[in-house]
Structures are given as C-alpha cells and as structure tokens.
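Participant: test case, fold it:
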Amino acid sequence: MADAPHRPPSGAPEARAASDRIAGILGAAEQSAREVREAAEARADARIAEADRAADLRVQAAEAEAQELLGEARAQAEADVRRIHEDAADDRRRAAEEARAVTASASAEATRLVEEATAQARALLHDARQEARDIIGEAQAAARQALHDGEELSGDLRDLSGSLRTNAERLLRDIRLAHARMVAGLDQAAPADAGRSADRPRRTTGDEDFSAEVPEFLSDR
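Facilitator: Residues are numbered from 1 along each chain as shown. Here you go, the predicted model:
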C-alpha cells in the first residue's frame, strides 16, 4: 500500500496544487500498477490454465498415442503369433508330406526288394529243382546202367557157370573112362593073382559113384 502524500504547508497554494497533482499521479500510478499486476496475474492464471490444459491435452495425447502404440504392438504381436503358427503349420504340413513321401519311397523300395528277393528265390528254387532232376536223372541212368551191367555180368556168370559145368561133366566122364580102362588093363595083366584078389584093395569100376567128388557148383545135378 502506497505512503500518504506529502502535504505541503497550507500557506502555499502552489505547493498544495503540486502536491495534489503528485498525489493524483501517484494514485493513478498505483491504480495502473494494480491493474497491471491484476492483468499480469490474470494472464499468468490464463497461461497456467492454458498450460494445464495443454499438459492435460499432451497427457491425453500421450495416453492415446501410448494406447495406439500398445494396440499396434498387440496387433503386431498377434500378427507375429499368427504368422508363427501359420509357419509352424506349414512346416508341419511339409514335414508330414516329406514323411509321407519318404514312407512311400521306403515302401516302394521294400516292395522292390521283396519282389527281387522273391524272384531270386524262385530262380534258385527252379535251379535247385532242375539240378535235383538232373542229379536224379543221372542217378537213375547210373542205376539203369548198373542194373544193365549187373544183368550182363549175371548172364556172363551164368554162361561161365554153364561152361564150367559142361567142362566139369566132360572131365568127369573122361576121368571115369580112364579109370575104367586102367582097371581093365590091370585085371588083364595079373590073372594069376586072382586068388589073392580078396587081399588086394578093392578096385573101382567105371560104374562107381563119384558123386562125393563132384564140385559144389555141380552138386545140384
């Protein structure tokens, strides 16, 4: 609050007038100062309110931007998750297709190997059967040849046996005839010894049985 104006002595009108003017000027200055101060305070309050509003707007804008960024981040994350799931699903499909392809290839290879093994087994079985037939045929031919050779040998032996029997019979007849001639010659050579004939060993005649001396292969006759 401003000081009271200096009052000049009452005896000096000019001084009083000057004092009044100074007082008026000071009052006007004080009024102006109050108005300026009030205007400044009002402008400051307005600026503070505007700053508060601007700050609120900035905060709201920041919050909205943050929400927008958060929404974009969530949308991007969801999109990334969907893309990852889609990529994983594609990978699973490709893996399944590759597995099916590998399985089909392995099945085809196994089928081919089985067919080849079956064909080889059939070929080996055919060869074994053919070889067995050949061996059996050779064995049968050898058996037939052995039978034929045995039959020929048996025939040869029968022929030999017949020839030996014939020769033995002829030899036996010749021996009997020779023996009979020898006995007859001896009887003619010593007639004086007839009385002692009982003391001499008994002579055999051509009609004596020689069956005890017949060989075994002629014993059946």
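Participant: where does the chain dip in pLDDT?
Facilitator: Confidence mapping of the chain against pLDDT under 70 gives the ranges 1-12, 190-221.
Participant: for it, which segments are assigned as strands?
Facilitator: Assigned by DSSP state E, the strands in the chain number zero.
Participant: in it, which spans are helices?
Facilitator: Counting by DSSP state H, the chain forms helices over residues 13-189, given from the N-terminal end onward.
Participant: and Glu109, how far from Arg122?
Facilitator: Distance check for Glu109 against Arg122: by CB to CB, to the nearest Å, it reads 20 Å. (C-beta placed from N, C-alpha, C; glycine too.)
Participant: please read the previous query as pertaining to Arg92.
Facilitator: Separation of Arg92 from Arg122 (CB to CB) stands at 44 Å.
Participant: what does Glu35 give?
Facilitator: Distance, Glu35 to Arg122, by CB to CB: 125 Å.
Participant: please apply the same query to Thr103.
Facilitator: Here Thr103 is placed at a distance of 28 Å from Arg122 (CB to CB).
Participant: same question for Asp187.
Facilitator: Between Asp187 and Arg122 the distance, using CB to CB, works out to 94 Å.
Participant: which of the two has more neighbours?
Facilitator: Neighbours per residue (other CB atoms under 10 Å) separate Asp187 from Arg122, with Asp187 holding more: 13 against 10.
Participant: roughly how far apart are that one and Ala51?
Facilitator: According to CB to CB, Asp187 and Ala51 sit 193 Å apart.
Participant: with Glu68 instead?
Facilitator: The value you get for Glu68 to Ala51, if CB to CB is used, is 25 Å.
Participant: repeat for Ala88
Facilitator: Between Ala88 and Ala51 the computed distance is 53 Å (CB to CB).
Participant: tell me which residues in stretch 26-34 are buried?
Facilitator: Of the residues in stretch 26-34, none is buried under the neighbour-count criterion (16 or more other CB atoms under 10 Å).
Participant: chain center to that stretch, what's the gap?
Facilitator: For stretch 26-34, the distance between its averaged C-alpha position and the chain's averaged C-alpha position is 110 Å (CA atoms, centre = their mean, to the nearest Å).
Participant: try stretch 41-55
Facilitator: Using CA atoms, centre = their mean, we find the averaged C-alpha position of stretch 41-55 to lie 85 Å away from the chain's own average C-alpha position.
Participant: same thing with stretch 56-71?
Facilitator: 64 Å.
Participant: please apply the same query to stretch 173-184.
Facilitator: Centre-to-centre, stretch 173-184 and its host chain are 101 Å apart (CA atoms, centre = their mean).
Participant: ditto for stretch 21-31
Facilitator: In terms of CA atoms, centre = their mean, the centre of stretch 21-31 is set 116 Å apart from its chain centre.
Participant: over to stretch 140-155?
Facilitator: Offset of stretch 140-155 from its chain centre (CA atoms, centre = their mean): 58 Å.
Participant: next, the buried residues of that stretch.
Facilitator: Of the residues in stretch 140-155, none count as buried by neighbour count, 16+ other CB under 10 Å.
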